[in-house]
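[1] quick check, what structure comes out for this input:
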Amino acid sequence: MWDEEASRLALLELWATGSLRRRRSQGESWDELARLPWTRRSSRQGELLLHEAHRGDLETLLDRCFVGWREVLGDLRERGLSTDLSGWRRLRELARRAELPERLPERLNRRTLSATLGAHSKVTLGERLSQALEPLEVTTDGLIRIRPNQGLCVARGPGDERWSAEELTRLLGELTLTERAIRGSTRFDGILPRAILLAENVGFFVDVRAPAGWMVAHVPGWNTRIVRMVFELLPRIPVVHFGDLDPNGVRIVAHLRLVRPDLIWAVPPFWEEHVPLRAQRGSWPSELDLTDAPPLVRRLAAREQWLEQEVLALDPRLPGYLEGLLARSRER
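    Presented below is the predicted three-dimensional model:
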């Protein structure tokens, strides 16, 4: 136990301040110290006080499990940091920042930055760190897979260099845009799509028969950061979302509508024909808001069933249904 960071800092805090509050991250070490004769409970709930007669015992334990603790304590005090786990992590953060090169690139991936300044690549950097690193642009470096409409081009730079999206797709199999490309001024040009069809699953994305003039984009799950950037590139183009009819599919629609309130949710009525043979069993959370959900979604939830979207990818009725959705949205 005492080889863990949180436990070692509990010992240091007790020695430096004479007291230790109980925290979730240090609960096990607090309980162990409470059982030892070195401490007593204070009148404040969840607080231990050090018996001065046992300070030497605490020092011995610190010497054994926390090499260099005296130097750490001196550094914390010199920098005006608290002598606890929070102060220690701030001290480590400052040490990592001091190792950064003097000149950083204009953009840096979030995980590279987290690994450099934080405990590991998946740690979340706080607002203080983010502000301290401005004007550095932190990226997640997602990408979006696109089946472009006929006549679409991509352009970039002050010289308006243009490439045919169809030719790129013939070469690469599809059009792929990265976050850095869009941040670097890559944009759409030429004949813009009549509508954008968002596909949740990759099978549907590659096989769906979309109406002429439509762009199809793959939006896997909650990875919506880059699709927001595409919305900004095509702000006046209608957006239709086609996903699984399950609880997560409902949540994804709600999430996307925070960005595009006018998002059209595609739920063809003929999808219900597949319920007898293809519906899957699955519970729906009672707290899930289905107020604005299409009738088929509410019926599936009541029966504790769900449907996958891939089964409709080749349905010959789908292009006409999508065109009807687009026409009705324009009428409204």
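[2] low pLDDT regions in the protein?
    119, 123, 125-134 (pLDDT under 70).
[3] which elements pack onto the helix or strand containing residue 206?
    Assigned by DSSP states H and E, residue 206 belongs to helix 202-207. Applying 3 or more CB pairs under 8 Å, 6 or more residues apart in numbering; DSSP states H and E, one finds that helix 202-207 contacts strand 143-147, strand 214-218. Bear in mind the C-beta positions are built from the backbone N, C-alpha and C, glycine included.
[4] could I get the CA-only coordinates of the first one as CSV?
    The C-alpha atoms that make up strand 143-147 are tabulated as CSV, following Å, rounded to 0.1, in the frame of the first residue of the first chain:
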residue,chain,number,x,y,z
LEU,A,143,-11.1,11.9,-39.6
ILE,A,144,-14.3,11.6,-41.5
ARG,A,145,-15.0,9.1,-44.3
ILE,A,146,-17.1,10.5,-47.2
ARG,A,147,-18.8,9.2,-50.3
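[5] and it, what's buried?
    The neighbour-count check on strand 143-147 (16 or more other CB atoms under 10 Å) flags 144-147 as buried.
[6] show me where the stretch 201-332 of the chain has helices.
    Counting by DSSP state H, counting those that start in this stretch, the stretch 201-332 of the chain has these helices, from start to end: 202-207, 225-233, 247-259, 275-278, 295-303, 318-331.
[7] tell me how far the first one lies from the chain's centre.
    With CA atoms, centre = their mean, to the nearest Å as the basis, the distance from the averaged C-alpha position of helix 202-207 to the chain average is 23 Å.
[8] what comes up buried for it?
    Across helix 202-207, burial judged by 16+ other CB under 10 Å covers 204-205.
[9] redo the helices of the stretch 201-332 of the chain as JSON lines? Include distance to residue 61.
    Below are those laid out as JSON lines (distance: least, CB to CB, whole Å):
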{"stretch": "helix 202-207", "distance to residue 61": "55"}
{"stretch": "helix 225-233", "distance to residue 61": "47"}
{"stretch": "helix 247-259", "distance to residue 61": "49"}
{"stretch": "helix 275-278", "distance to residue 61": "63"}
{"stretch": "helix 295-303", "distance to residue 61": "57"}
{"stretch": "helix 318-331", "distance to residue 61": "69"}
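[10] for these, which one sits closest to residue 36?
    helix 247-259 (48.6 Å; CB to CB).
[11] and the angle for the closest one with helix 225-233?
    Between helix 247-259 and helix 225-233, the angle comes out at 40 degrees (axes from the mean of the first three to the mean of the last three CA atoms, to 10 degrees).
[12] and the angle from helix 247-259 to helix 295-303?
    140 degrees.
[13] who touches helix 247-259?
    198, 200, 219, 221-222, 224, 227-228, 231, 239, 241, 243, 263, 265, 282, 284-285, 288-290, 293, 297, 301, 306 (CB atoms under 8 Å, 6 or more residues apart in numbering).
[14] in which helix or strand does the nearest residue to residue 163 once chain neighbours are set aside reside?
    Of all residues beyond its chain neighbours, the one nearest residue 163 is residue 154 (5.4 Å), with distances taken as CB to CB, 6 or more residues apart in numbering. Using DSSP H and E, residue 154 falls within strand 152-156.
[15] mind listing what's buried in that strand?
    Going by 16+ other CB under 10 Å, strand 152-156 has these buried residues: 152-154, 156.
[16] which of the residues you listed lies closest to residue 162?
    Distances from residue 162 to the buried residues of strand 152-156, taken by CB to CB, are shortest for residue 153, at 4.8 Å.
[17] quick one: contacts for that closest one?
    Residue 153 neighbours (CB under 8 Å, 6+ apart): 162-165, 188-191.
[18] looking at the residues you listed, spot the one nearest residue 105.
    Among those, and counting by CB to CB, the member closest to residue 105 is residue 163, at 25.6 Å.
[19] count of neighbours near the closest one?
    15 (other CB atoms under 10 Å).
[20] and what about it, helix, strand or coil?
    Applying DSSP: H, G, I helix; E, B strand; the rest coil to residue 163 yields a three-state assignment of strand.
[21] can you name the residues bridging to the residue nearest to residue 163?
    For residue 154, the beta-bridge partners are residue 163, residue 188 (DSSP bridges).
[22] just checking, it touches residue 165?
    Yes. Look at residue 154 against residue 165 with CB atoms under 8 Å: they come within range, at 5.8 Å.
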